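Asks: Build me a model from this:
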Amino acid sequence: MLDTVTKHRIDTARDILVGKAPDPKSQVEQITIALIYKFMDDMDAESEEFGRKRSFFANDFARYGWAKLMRSGLGGHETLNLYAEAIAKMPENPGIPLLFRNIFKNAYLPYRDPETLKMFLKIIDEFAYDHSERLGDAFGLGAQRRPIEKNDLPQAQAEIGEYLRRLRAGESVADYQPTLGLIVGKEKIAANDVYNLSGERYREGTAHNPIFPLFRIGDICTIKPRKSQLANLSPDTRVSFVPMADLNEHRIAFRPTEEKRLSEVSASYTYFEDNDVLLAKVMPCFENGKAGIARGLLNGLGFGSSEFYVLRPTSQVLPEWIYHCATHPLFRDTAIAQMTGTGGLQRVPRSYAEDFQIPLPPLEVQKEIVAEIEGYQQQISNYELEITKCRDRIAKSVNKVWSADED
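Replies: From the prediction side, this is the model:
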């Protein structure tokens with residue numbers, strides 16, 4: 001569920017920056033840099049709690065610690081100069097991993113207004129490192145959450161609690177191994193500056209790059225399902241009708257805009273049902289990325305262009321997985337080279353769609369990858385909305401020159 005408090009903080013931070021950094025991308029960069037800065041200091045504080053030394057803000061970089069930046073009595077210009085100097089020098093910090101150094105590379109403060117920075121840092125100060133999951137929701141990543149079959153949280157909390165108890169008591173944890181996870185030293189996680197928090201990566205004898213088995217699309221999907229199962233339906237049954245124009249380019253969802261009687265479409269048009277994947281097979285529609293998953297059809301049934309391939313997934317595979325594989329450059333680039341026909345009527349051969357092999361992870365892995373992609377798509381949608389708003393503001397600013405009535 002989206003954390004509205006966290007989202008409000010993000011929105012407030014962006015509102016503070018909008019006058020000084022109007023570019024939405026710049027706003028996101030400034031918020032990201034500030035949050036990582038704050039979270040590194042939070043992790044240092046946690047290390048001190050367990051009797052360890054600070055690593056991110058240590059030695060020559062200790063003077064840039066968050067507490068020193070936010071201490072009372074520090075003037076506005078002093079705060080601005082200290083923060084600007086800190087983010088500029090952070091790539092030179094030997095105590096931070098390569099991943100963070102790359103994030104801070106070329107970082108700078110795009111404004112010199114002390115009051116704006118103080119208001120901005122005050123909002124950032126309200127975040128804590130344990131807010132990371134809620135922060136992901138605030139950026140629209142809540143789609144990556146999935147229902148679970150068993151609640152292992154109490155056991156996980158108990159195992160983490162025992163691990164922390166041993167640390168605080170100064171007892172050895174060398175022989176402690178929880179049942180729900182692994183204890184891995186941060187040195188091993190940071191090896192080669194590759195930060196991968198998947199537990200399976202660190203199990204002894206586990207391949208770091210597992211290869212999923214390849215399956216022909218024709219073995220895990222029904223290509224162009226038969227209409228025979230519609231024989232018992234009334235000719236007056238209302239169904240959705242989807243012309244090629246309704247299918248979007250590089251967007252998984254589409255909205256059917258027409259409906260017809262079954263008798264009007266059953267003879268000449270392509271039949272499909274809810275959760276079938278539609279793929280344009282003719283140029284230039286195929287090359288332009290026209291594809292999608294049929295959902296919300298009238299009576300669960302649809303008919304559409306004869307230039308669609310319909311891919312009906314079996315229980316082994318998600319419709320979204322088929323969609324993403326069928327719109328992947330590996331599938332498309334090879335298909336274009338094998339098209340048949342002449343001129344503007346070139347088509348992807350059915351045999352190509354049936355015989356093309358795609359990797360087939362377990363369903364749970366498919367769900368994880370699909371959820372991750374949905375999170376990224378939500379971010380793209382948010383950025384597109386911000387771009388539209390900025391274009392509107394630009395137009396209004398220009399219109400002021402031409403019309404005295406413009407607000």
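Asks: only C-alpha atoms for contact and neighbour calcs from this point on.
Replies: Fine.
Asks: Show me the shaky parts of the stretch 251-400 of the chain.
Replies: 342-344 (pLDDT under 70).
Asks: And the strands in the stretch 301-407 of the chain?
Replies: For the stretch 301-407 of the chain, applying DSSP state E, counting those that start in this stretch gives strands covering 301-304, 308-313, 357-359.
Asks: how close does Gly300 sit to Ser266?
Replies: For Gly300, the distance to Ser266 (CA to CA, to the nearest Å) stands at 15 Å.
Asks: which parts of the lengthiest helix in the chain are buried?
Replies: When the chain is parsed with DSSP state H, its longest helix is helix 363-402. Neighbour-count burial for helix 363-402, counted by 16 or more other CA atoms under 10 Å, picks out Gln366, Lys367, Ile369, Val370, Ala371, Glu372, Ile373, Glu374, Gly375, Tyr376, Gln377, Gln378.
Asks: Secondary structure element holding Glu48?
Replies: Glu48 is located in helix 24-49, with elements delineated by DSSP states H and E.
Asks: Averaged pLDDT, that helix. What do you get?
Replies: Per-residue pLDDT values over helix 24-49 give a mean of 87.
Asks: Other residues contacting stretch 117-129?
Replies: Outside stretch 117-129, the residues within contact range by CA atoms under 8 Å, 6 or more residues apart in numbering are 9, 12-13, 16-17, 31, 34-35, 38-39, 42-43, 76, 79-80.
Asks: try it again with 10 Å
Replies: With CA atoms under 10 Å, 6 or more residues apart in numbering as the test, stretch 117-129 has contacts from 6, 9-10, 12-17, 30-32, 34-43, 46, 66-67, 69-70, 75-77, 79-80, 83, 109, 111, 114-116, 134-135.
Asks: before we move on, what about stretch 99-112?
Replies: Stretch 99-112 has contacts (CA under 10 Å, 6+ apart) with 17, 19-21, 26-27, 29-30, 32-33, 36-37, 40, 77, 80-81, 83-95, 98, 117, 190, 193-195.
Asks: how long is that stretch end to end?
Replies: End-to-end distance for stretch 99-112, by CA to CA: 27 Å.
Asks: ok, now stretch 171-184?
Replies: 17 Å.
Asks: Identify each buried residue in it, please.
Replies: For stretch 171-184, a neighbour-count test (16+ other CA under 10 Å) marks nothing as buried.
Asks: where in the stretch 1-150 of the chain is pLDDT low?
Replies: 1-3, 129-150.
Asks: in it, which spans are helices?
Replies: Applying DSSP state H, counting those that start in this stretch to the stretch 1-150 of the chain gives helices spanning 4-17, 24-49, 66-70, 76-89, 98-104, 114-124, 132-138.
Asks: now the ones you listed as TSV including distance to Asn275?
Replies: Shown next, in TSV, are those (distance: least, CA to CA, whole Å):
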stretch	distance to Asn275
helix 4-17	32
helix 24-49	35
helix 66-70	50
helix 76-89	48
helix 98-104	39
helix 114-124	43
helix 132-138	27
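Asks: For Gln229, which of those is the nearest?
Replies: Distance to Gln229, taken as CA to CA, is lowest for helix 132-138 among those, at 43.0 Å.
Asks: before we move on, the earlier item: gap between the helix holding Glu48 and the chain center?
Replies: How far helix 24-49 lies from its chain's middle: 20 Å, per CA atoms, centre = their mean, to the nearest Å.
Asks: relative to helix 114-124, how tilted is it?
Replies: 60 degrees (axes from the mean of the first three to the mean of the last three CA atoms, to 10 degrees).
Asks: Kindly calculate the angle that the longest helix of the chain makes with helix 24-49.
Replies: Interaxial angle, helix 363-402 versus helix 24-49 (the same axes, to 10 degrees): 130 degrees.
Asks: and helix 363-402, what other elements does it pack with?
Replies: Taking 3 or more CA pairs under 10 Å, 6 or more residues apart in numbering; DSSP states H and E as contact, the helices and strands that helix 363-402 lies on are helix 24-49, helix 319-326.
Asks: Having no further points to raise, I will conclude here.
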